[in-house]
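A.B. asks: give the three-dimensional model of this entry:
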Amino acid sequence: MRCDHCAQEAPDGVFCTRCGAHQGTTKESGDAKSREHRYAAHPGEHVAHPAIFTTLFPHLGHNKIHEFRWAFIAGLAGVLILYVAGLITAAILVSAFLVPVLYLIYLYEAQVYRDEPALVLGFTIGGGVVVGIVVTLFERLIYNPFQYAPNPLTGAGVGIGAVLILGLVIPLIQEALKPIPAFFLPNRADFPETVDGLVFGVAAGLGFSVAETLIGFSTTLASLPAHVAPGNWIFDLATLAVFQPLLQGSATGLIVATIWRFRRGRLAGRELGGVAVALLAHIAFAAGTVVMKNSSTNPLFILIWQATVDGVLLIYIRYLLHYSLLEEAAHMGFAETVCPNCHMHIVASGFCPNCGMALSAVPGAVRRSRKPRAEPAAPVSNVK
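C.D. replies: Presented below is the predicted three-dimensional model:
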């Protein structure tokens, strides 16, 4: 068939395998080319759906996504059991490592690192840990928020100056330094897609989150007895297990994805907006948390605020990644493969013609299994 939008010859299908546009509709409809109802990394969802795993784990197929969701739920259940049992120290440690360990498993499953696992993992997650140690120790020298209350996450007693430091200065310092491991990754030319930059940035941010939590709670971990009354720790554990790593990973992923876009010669409103959104989201998360804790706000409202900020970040990442996958869909050559989303045997180039998934966001093993096929023949004219 000839695509309604890019006018290229491609195998017949619901989606153009070259540009990813939804077929059977006109260009003027506006929805066919941008297809925001079909998120390019996971076409079963709308772009504006703030899903954690289909946003930050873009290379996973439909079945694998469910496996990671269940693993995440099991991890949260483990934290809850430790909390109820009064094993707060163990609950803090599990909370700190839950999302970063899942992401490490994801990088292995998706083989994003091509043939250089030690190099990529060392510079992203490992580099994030190193930056987190250095930055967090420096932050403790500037201001230690944990010395004013017995509960390490309580901001009681802080003044305006402390709010400015904790809610403005420290977030800006962190977002300026967290992308360094991904930015200085050797052989970056081997990972040109924006989706690669997003994944590496998220990995660096999660490595930073582990170091930040362990150093910030080092005194608590050393001083708490093995068994204590659970109290209100569940709210702090929810922040540590879910909302803080999501913030650190998402904000850094968004900034690094923007850097990757800049390297491809693209730097427009959406990309500049990505940096602004990442910085503003981190400031809003940190400042809002400190202010609400200082005013003795119900901890549930604090979690709602943190979840709202994280949700905004996830949605912006999805829009940036969605349009990046559509714009960067270079002709990969027609090949036989199995779509990891719809599991159909297809002949495709950049997108699955059946479900519209961007094939640049598939696991490394699926890419290597592609069997090249000849280009579709151009139509033959019968004019004599």
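A.B. asks: phi, psi for Arg2 please.
C.D. replies: When quoted as degrees, to the nearest 10, the phi and psi of Arg2 stand at phi -110, psi 130.
A.B. asks: next, the contact list for it, please.
C.D. replies: Contact analysis of Arg2 by Cβ atoms under 8 Å, 6 or more residues apart in numbering lists 8-10. C-betas here are computed from N, CA, C, even on glycine.
A.B. asks: one more time with 7 Å, if that's ok
C.D. replies: Shown in contact with Arg2 (Cβ atoms under 7 Å, 6 or more residues apart in numbering): Glu9.
A.B. asks: please name the nearest non-neighbouring residue to the residue positioned nearest the centre of the chain.
C.D. replies: Geometric centre of the chain, nearest residue: Leu56, 2.9 Å, by Cα atoms, centre = their mean. Nearest non-adjacent residue to Leu56, counting by Cβ to Cβ, 6 or more residues apart in numbering: Val202, 5.3 Å away.
A.B. asks: so that neighbour: helix, strand or coil?
C.D. replies: What DSSP: H, G, I helix; E, B strand; the rest coil gives for Val202 is helix.
A.B. asks: measure it to Tyr106 for me?
C.D. replies: Distance check for Val202 against Tyr106: by Cβ to Cβ, to the nearest Å, it reads 9 Å.
A.B. asks: how about Ile125?
C.D. replies: Counting by Cβ to Cβ, the gap from Ile125 to Tyr106 is 11 Å.
A.B. asks: how about Gly311, what does it touch?
C.D. replies: Gly311 makes contact with Pro50, according to Cβ under 7 Å, 6+ apart.
A.B. asks: pretty sure it is in a strand, no?
C.D. replies: No - under three-state DSSP, Gly311 sits outside any strand and is assigned helix.
A.B. asks: might one say that His322 is in contact with Tyr39?
C.D. replies: Yes - at 5.8 Å, His322 counts as touching Tyr39 under the criterion of Cβ atoms under 7 Å.
A.B. asks: joint contacts of the two?
C.D. replies: Common neighbours of His322 and Tyr39 (Cβ under 7 Å, 6+ apart) are Val47.
A.B. asks: quick one: the residue nearest to Leu56 and Gly253 touch, right?
C.D. replies: Yes - look at Val202 against Gly253 with Cβ under 7 Å: they come within range, at 3.7 Å.
A.B. asks: those two: which has the busier surroundings?
C.D. replies: Comparing Val202 with Gly253 by other Cβ atoms under 10 Å, the one with more neighbours is Val202, at 35 against 32.
A.B. asks: run through the residues that contact the more buried one.
C.D. replies: Contacts of Val202 (Cβ under 7 Å, 6+ apart): 56, 103, 249-250, 252-253.
A.B. asks: show only the entries of the residues you listed found in helices.
C.D. replies: Judged by DSSP state H, the subset of those located in helices is 56, 103, 249-250, 252-253.
A.B. asks: how near is Tyr316 to Thr194?
C.D. replies: 13 Å.
A.B. asks: in the stretch 1-150 of the chain, where is pLDDT below threshold?
C.D. replies: For the stretch 1-150 of the chain, the stretches with pLDDT under 70 are 4-5, 7, 24-33, 114-115, 143-150.
A.B. asks: where do the helices of it begin and end?
C.D. replies: Read by DSSP state H, counting those that start in this stretch, the stretch 1-150 of the chain holds these helices, from start to end of the chain: 31-34, 53-56, 62-84, 88-110, 117-121, 127-142.
A.B. asks: element containing Ala257?
C.D. replies: Per DSSP states H and E: Ala257 is located in helix 244-263.
A.B. asks: Leu206 is nearest to which of the helices of the stretch 1-150 of the chain?
C.D. replies: Closest approach to Leu206 among those (Cβ to Cβ): helix 88-110, 4.2 Å.
A.B. asks: packing partners of that closest one?
C.D. replies: Other elements packing on helix 88-110 under the criterion 3 or more Cβ pairs under 7 Å, 6 or more residues apart in numbering; DSSP states H and E are helix 62-84, helix 194-216, helix 233-238.
A.B. asks: switch the cut-off to 10 Å
C.D. replies: helix 53-56, helix 62-84, helix 117-121, helix 194-216, helix 218-223, helix 233-238, helix 244-263, helix 364-368 (3 or more Cβ pairs under 10 Å, 6 or more residues apart in numbering; DSSP states H and E).
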